[in-house]
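Asks: Can you look at this prediction? I've put the sequence above it.
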Amino acid sequence: MPGINITVNGKSIVLENSATIADFIAERKVTGTMYVIEKNKKIVNKEDYAAEPLNEGDSLELAGFAGGG
């Protein structure tokens with residue numbers, strides 16, 4: 001399968017093996033539980049990551065949350 005071009009946090013990247021957001025998370029080794037993913041300006045629920053497809057030209061924004069004191 002040829003790669004697809006998407007934008008992640010404003011940077012263009014080519015995905016080789018990602019078909020869904022869950023695949024993207026695994027491929028990019030995104031860790032932790034305190035983050036949200038927005039696809040094409042809409043927040044995607046975590047329970048939908050495995051079913052949410054990634055297509056040519058999609059735009060993802062990843063935002064992580066950190067606690068501290």
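Replies: Nice, I can see it.
Asks: quick one, what contacts E27?
Replies: Contact analysis of E27 by C-beta atoms under 8 Å, 6 or more residues apart in numbering lists 15-18. C-beta here means a position set from N, CA and C on the backbone, and glycine is covered the same way.
Asks: what bridges to the closest residue to L60 other than its chain neighbours?
Replies: Excluding the flanking residues, the one nearest L60 by C-beta to C-beta, 6 or more residues apart in numbering is V8, at 4.9 Å. Beta bridges link V8 to K11, L60 when assigned by DSSP bridges.
Asks: Now for the closest residue to V36 other than its chain neighbours: which residues touch it?
Replies: Spatially, and ignoring its direct neighbours in sequence, V36 is nearest to A63 (5.3 Å; C-beta to C-beta, 6+ apart). Listed by C-beta under 8 Å, 6+ apart, the contact partners of A63 are 35-36, 38.
Asks: Let me know the closest of those to N45.
Replies: Of all these, N45 sits closest to V36, with 9.4 Å by C-beta to C-beta.
Asks: Pull the number of nearby residues for the closest one.
Replies: Using other C-beta atoms under 10 Å, V36 has 13 other residues around it.
Asks: List the contacts of it.
Replies: Listed by C-beta under 8 Å, 6+ apart, the contact set of V36 reads 43, 62-63, 65.
Asks: Tell me how far it lies from I4.
Replies: Remark: distance between V36 and I4 (C-beta to C-beta, to the nearest Å) = 22 Å.
Asks: now do D23
Replies: Distance of D23 to I4, computed by C-beta to C-beta: 11 Å.
Asks: picking that back up, can I get the contacts of E27 in TSV including pLDDT, secondary structure and neighbour count?
Replies: Compiled in TSV, these are given as follows (pLDDT from 0 to 100; DSSP: H, G, I helix; E, B strand; the rest coil; neighbours: other C-beta atoms under 10 Å):
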residue	pLDDT	secondary structure	neighbour count
L15	88	strand	19
E16	84	coil	10
N17	79	coil	10
S18	79	coil	21
